[in-house]
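Q: requesting a structural model of the entry that follows:
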Amino acid sequence: MSNNDTALVGSVSLASDSPIRDEAVSPTDSFIVQAPAGSGKTALLVRRYLNLLTVVRQPEEILAITFTDKAAREMKSRVLKELALQDGIAARVHERSNRLHWDLELYPQRMKIQTIDSFAYSIVQRMPIECQLSLDYQSMEKSDEIYFEAAIEFFEQVLRRGSNTQYATDILALFENNIDHAIDTLANMLSHRQNWIKSVQRVLLAKRAGESEAKIFAQLEATRNSYVNNVIETTRRSIPRAFLER
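A: The predicted model follows:
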């Protein structure tokens, strides 16, 4: 297929769904957009963002959230490039910016296009007391250090329980009495706690409710088996069928 043929197919594809695209950028309704890579989702989001700028009182009323810094930078860059055209929807945005004294050309940071992490951090900055944080809090790019420190603190508490040496013995026996291995394992578990925290909570609730240990262990075993089966099934689906049939 030649480049001209490819361009023609692309233009026909865009023309066929242009009514849907026009509807999706309307600021009067909400939409979930699902489309493959390279289909123009970012361009659609940029158009929708610009349309929203024509109806809000302040640009801060619009929040565009991405997963990565790269995606946030790309989207903001594309919005600024569109605004630099000074025609069409960009002209309407500039007219509103001038009338309401937004000064977007001087203060592009007023456009809240950011990652989930930076949005959460901005909330903490505005409400540190409500978030129950000390005034000298710091943000960390990597959470591994926190998990490692938490694991160390846990085992320090375990070993300090001098009145219950059997408790410490039982805990360390799970890790073959290797404290370094125990700390590393717990730190790794904390980084994946979404996989097991609910099961632990159910066990604690069952214990408080007075359920027998046999029933509690049966619940844990069922949870473990379900997790293992899901891992096996996920792995099996990722292996090509031709390889499995050999």
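
Q: please parse the chain into its domains.
A: 3-126, 144-244 (automatic domain parsing).

Q: which of the ones you listed sits closest to Gln132?
A: Each of those has some distance to Gln132 by CB to CB; the shortest is domain 3-126, at 10.2 Å. (Glycine included, C-beta is placed from N, CA and C.)

Q: about what we covered before: return the most buried member of the domains of the chain.
A: domain 3-126 (a mean of 14; mean count of other CB atoms under 10 Å).

Q: any chance of the domains of the chain in CSV, with mean pLDDT too?
A: Below are the domains of the chain laid out as CSV (pLDDT from 0 to 100):
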stretch, mean pLDDT
domain 3-126, 83
domain 144-244, 82
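
Q: save the ones you listed as JSON lines, and put in distance to Ser134 too.
A: Shown next, in JSON lines, are the domains of the chain (distance: least, CB to CB, whole Å):
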{"stretch": "domain 3-126", "distance to Ser134": "11"}
{"stretch": "domain 144-244", "distance to Ser134": "15"}
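
Q: helices or strands up against the top helix by length along the chain?
A: Ranked by residue count under DSSP state H, the longest helix found in the chain is helix 213-238. Here helix 213-238 touches helix 197-208, going by 3 or more CB pairs under 8 Å, 6 or more residues apart in numbering; DSSP states H and E.

Q: now do the helix it packs on: which elements does it pack against?
A: helix 213-238.

Q: from the middle of its chain, how far away would the helix it packs on be?
A: 26 Å (CA atoms, centre = their mean, to the nearest Å).

Q: then stretch 73-87?
A: On CA atoms, centre = their mean, the centre of stretch 73-87 falls 25 Å from that of its chain.

Q: identify all contacting residues around it.
A: 42-43, 45-46, 49-50, 64, 66, 89-90, 93-94, 104-105, 108, 111, 113 (CB atoms under 8 Å, 6 or more residues apart in numbering).

Q: send me that stretch as CSV with only the CA atoms.
A: Taking C-alpha atoms only, stretch 73-87 is exported to CSV below (Å, rounded to 0.1, in the frame of the first residue of the first chain):
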residue,chain,number,x,y,z
ARG,A,73,3.8,17.3,29.2
GLU,A,74,2.7,16.1,25.7
MET,A,75,-0.9,17.1,26.3
LYS,A,76,0.0,20.5,27.7
SER,A,77,2.4,21.1,24.8
ARG,A,78,-0.3,20.2,22.3
VAL,A,79,-2.8,22.5,24.0
LEU,A,80,-0.4,25.4,23.9
LYS,A,81,0.4,24.7,20.2
GLU,A,82,-3.3,24.8,19.4
LEU,A,83,-3.7,28.1,21.3
ALA,A,84,-0.8,29.6,19.3
LEU,A,85,-2.8,29.2,16.1
GLN,A,86,-5.1,32.1,17.1
ASP,A,87,-8.0,30.9,15.0
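
Q: what distance do you get for the closest residue to Leu100 other than its chain neighbours to Arg99?
A: Counting by CB to CB, 6 or more residues apart in numbering, Arg57 is the residue found nearest to Leu100 once chain neighbours are left out, at 6.9 Å. Between Arg57 and Arg99 the computed distance is 11 Å (CB to CB, to the nearest Å).

Q: also Ala214?
A: 73 Å.

Q: which stretches of this protein form helices?
A: 3-16, 18-24, 41-53, 69-83, 89-99, 116-126, 144-160, 165-173, 179-191, 197-208, 213-238, 241-244.

Q: could those be laid out in CSV, adding distance to Ser30?
A: Shown next, in CSV, are the helices of the chain (distance: least, CB to CB, whole Å):
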stretch, distance to Ser30
helix 3-16, 23
helix 18-24, 10
helix 41-53, 10
helix 69-83, 18
helix 89-99, 19
helix 116-126, 19
helix 144-160, 36
helix 165-173, 50
helix 179-191, 34
helix 197-208, 31
helix 213-238, 33
helix 241-244, 40
